[in-house]
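Engineer: Pasted the sequence and its predicted model underneath.
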Amino acid sequence: MTTKTEERVITLLPGQAALLTDFNASLLAAIAGTGGGKTMLGYWWLHSRMEAYPGSTWAMAEPTYKMLDRIILNSSDPGRPSLFEHFQQVGHHPRWIDKTSLIMETDWGKLYLGSADNPDSMQGAAVKGYWLDESGQMKQLAHDTARQRCAMMLGQVLHTTTPYNLGALKTEIWDRRNEPGIHVETWRSVDRPGFPRASYDEERARLPAWRFAMMYDGRFERPAGLVHDSFGPEDIVNDFPIPLQWPIYVGHDFGIANPAALFTAQNPTTGELFYWHEYLPGSGKSPYDHVQAWQQVVKGYNVIAKVGGNHQEQETRDAYTAQGWHIIEPRQRSVTEQVLRVIGQERLHKIKVMRSLRHIIEEKQTFSYKLDERYNPTDKFEEDQSYHLSACERYLHTYFTPETVVRRDGMSRVSISERHESPLRESGVGRVSLDYRR
């Protein structure tokens, strides 16, 4: 049963007003500086949509449960109430159906709260709208899940965030902002009335230009410390059928919760490596299930090598071998050495990724070195354990050893030498020589 709520007058920035009054776009995004009023926009969006569609079900998520607790369940901002308190103040009479499961009900509808670091908490029945707060810190899977949950109800997804990297927020929303159904608004921190100009100017003087642009102007810039800084738009290609005569290589990352595989084809004429299929099935599958799926992917192709896992994971490799899928241990054990192999190929622009492989593209555009207190890159990787397709990639590249020789005719020859026991010998190949233009 719905009740009449008290009318309130709020002062909106032009970008906030444009998004709140747009009921037609399937995706709304407020990309703004720190302290720009993004979270309050999420409150107002839920408030207005619930009253417009009474009795519907809604959902929202933060990047982590810690952020959900600090921002939504409790507010660390003295000028902003918690979401529960906001609904109380506007007369929606909120109550917890199950606080442990984070299910709230108001007079106007039901709301599920979740966290992107636990994808299961974002799944469930169809909803009329999904709010992703600080979605710039979320991976592609969270973005996809929100849209999936809204599809049946022709619902709307709202993103409120500061840009943090060049991942899904940029490639799937900002870069496509002129497409139908996508409405993006941006503004600076200082555009919000009450944000101290002195703080804005102080941070501009203190921070690197790229960091300030993202944190306080809401603008995308290439951050310092990107590992794959040579990988660019020219390395993303439109999908095409892989010719049956091209050799296939597969990189694997193990794990019960997040197994992954990256299928790679090599153009025998140019030596270019094309990533053409990514495998991220989630949990709950046995080695037999995985092998059946992989065999379907490569049916009709000549698979030269399957490489994956760290030195301690021989038991897992043996389990796949028992199912007819022989995976070889990577040659280098050092993560740094493995990554350097990939970077070497990227600098030659020999790695191409098909456009539909959104997850490996996202990983390449976000995988970074840790920064020190002065925002300079260190030699440590940031959360490398969560980049599963990147692990597949670096494992596989331990078997590619490019040696480049410039010839008089302007061509370069790359020899992929098999200096140790080689997986290529599974198919009777010991050394592969490839010509390609510089």
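Structural biologist: Ah, there it is.

Engineer: Tell me which residue is most central in this structure.
Structural biologist: Central residue of the chain (Cα atoms, centre = their mean): Lys139, 3.0 Å from the mean position.

Engineer: If I follow the layout properly, that residue ends up in contact with Glu362?
Structural biologist: Yes. Taking Cβ atoms under 8 Å as the contact criterion, Lys139 and Glu362 are neighbours in contact, 6.5 Å apart. For every residue, glycine as well, the C-beta is placed using N, CA and C.

Engineer: circling back to that earlier point, mind listing what the residue nearest to the centre of the chain touches?
Structural biologist: Neighbour list for Lys139: Ala116, Gly167, Ala168, His359, Glu362 [criterion: Cβ atoms under 8 Å, 6 or more residues apart in numbering].

Engineer: ranking those residues by neighbours, who comes first?
Structural biologist: When neighbours are counted as other Cβ atoms under 10 Å, the busiest of these turns out to be Ala116, with 26 neighbours.

Engineer: Need the phi and psi values for that residue.
Structural biologist: Here the main-chain torsion angles of Ala116 (degrees, to the nearest 10) amount to phi -70, psi -20.

Engineer: Now for it: which residues touch it?
Structural biologist: With contacts defined as Cβ under 8 Å, 6+ apart, the neighbours of Ala116 are Ala61, Glu62, Pro63, Thr64, Met122, Leu132, Ser135, Gln137, Met138, Lys139, Leu141, Ala142.

Engineer: Then His183?
Structural biologist: Under the criterion of Cβ under 8 Å, 6+ apart, the contact partners of His183 comprise Ala18, Leu19, Asp22, Ala25, Leu27, Leu28, Ala29, Arg177.

Engineer: again, only using 10 Å
Structural biologist: Applying Cβ atoms under 10 Å, 6 or more residues apart in numbering, we find His183 in contact with 18-19, 22, 24-30, 156, 158, 173, 177.

Engineer: Turn those into TSV, including pLDDT, secondary structure and distance to Pro193.
Structural biologist: Formatted as TSV, the entries for the contacts of His183 read as follows, by pLDDT from 0 to 100; DSSP: H, G, I helix; E, B strand; the rest coil; distance: Cβ to Cβ, whole Å:
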residue	pLDDT	secondary structure	distance to Pro193
Ala18	97	helix	17
Leu19	98	helix	18
Asp22	98	coil	22
Asn24	97	coil	28
Ala25	98	coil	26
Ser26	97	coil	30
Leu27	98	strand	27
Leu28	98	strand	22
Ala29	98	strand	22
Ala30	98	strand	16
Gln156	98	strand	27
Leu158	98	strand	22
Ile173	96	helix	26
Arg177	96	coil	26
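
Engineer: and the residues you listed as TSV, adding distance to Lys299?
Structural biologist: Written out in TSV, the entries for the contacts of His183 read as follows (distance: Cβ to Cβ, whole Å):
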residue	distance to Lys299
Ala18	50
Leu19	47
Asp22	46
Asn24	44
Ala25	41
Ser26	36
Leu27	36
Leu28	42
Ala29	40
Ala30	46
Gln156	40
Leu158	42
Ile173	36
Arg177	39
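
Engineer: Quick check: which ranges of the stretch 251-400 of the chain have low pLDDT?
Structural biologist: Across the stretch 251-400 of the chain, nothing is flagged by pLDDT under 70.

Engineer: at 90 instead, please
Structural biologist: Judged against pLDDT under 90, the low-scoring parts of the stretch 251-400 of the chain cover residues 255-258, 282-284, 332, 373-376, 379, 383-385, 399-400.

Engineer: and the two most separated of the contacts of Lys139?
Structural biologist: Maximum pairwise distance among the contacts of Lys139 (Cβ to Cβ): 14.3 Å, between Ala116 and His359.

Engineer: ok, which stretches of the stretch 101-250 of the chain are helices?
Structural biologist: Under the criterion DSSP state H, counting those that start in this stretch, the stretch 101-250 of the chain carries helices at the ranges 140-151, 168, 197-206, 209-216.

Engineer: Can you say which of those helices is nearest to Leu111?
Structural biologist: Distances from Leu111 to each of these were compared using Cβ to Cβ; the shortest belongs to helix 140-151, at 12.7 Å.

Engineer: Distance from that closest one to the middle of the chain?
Structural biologist: The chain centre lies 12 Å from the centre of helix 140-151; the measure is Cα atoms, centre = their mean, to the nearest Å.

Engineer: List the buried residues in that helix.
Structural biologist: If you call a residue buried by 16 or more other Cβ atoms under 10 Å, then helix 140-151 has these buried ones: Gln140, Leu141, Ala142, His143, Asp144, Thr145, Ala146, Arg149, Cys150.

Engineer: just to revisit the earlier point, looking at the contacts of Lys139, which is nearest Gly55?
Structural biologist: Using Cβ to Cβ, the shortest approach to Gly55 within the contacts of Lys139 belongs to Ala116, at 26.9 Å.

Engineer: packing partners for the helix or strand harbouring Tyr43?
Structural biologist: Assigning secondary structure by DSSP states H and E places Tyr43 in helix 38-52. On a contact count with 3 or more Cβ pairs under 10 Å, 6 or more residues apart in numbering; DSSP states H and E, helix 38-52 meets helix 14-20, strand 27-32, strand 56-62, helix 83-89, strand 103-106, strand 109-115, strand 129-133, strand 156-161.

Engineer: Count the residues that sit near Phe87.
Structural biologist: Neighbours of Phe87 under the rule other Cβ under 10 Å: 25.

Engineer: And for the residue nearest to it when sequence neighbours are not counted, the neighbour number?
Structural biologist: Once flanking residues are discounted, Phe87 sits nearest to Pro94: 3.9 Å by Cβ to Cβ, 6 or more residues apart in numbering. Summarising burial for Pro94: neighbours were counted as other Cβ under 10 Å, giving 17.

Engineer: Over to Trp325?
Structural biologist: Burial of Trp325 is recorded as 22 neighbouring residues (other Cβ under 10 Å).

Engineer: Spatially, what comes nearest to it if we skip its sequence neighbours?
Structural biologist: Ranked by Cβ to Cβ, 6+ apart and with sequence neighbours excluded, the top spatial neighbour of Trp325 is Val291, at 4.4 Å.

Engineer: That neighbour belongs to a strand?
Structural biologist: No. The secondary structure assignment for Val291 gives helix rather than a strand, going by DSSP: H, G, I helix; E, B strand; the rest coil.

Engineer: ok, it to Pro281 distance?
Structural biologist: 12 Å (Cβ to Cβ, to the nearest Å).

Engineer: Ala260 now?
Structural biologist: Separation of Ala260 from Pro281 (Cβ to Cβ) stands at 9 Å.
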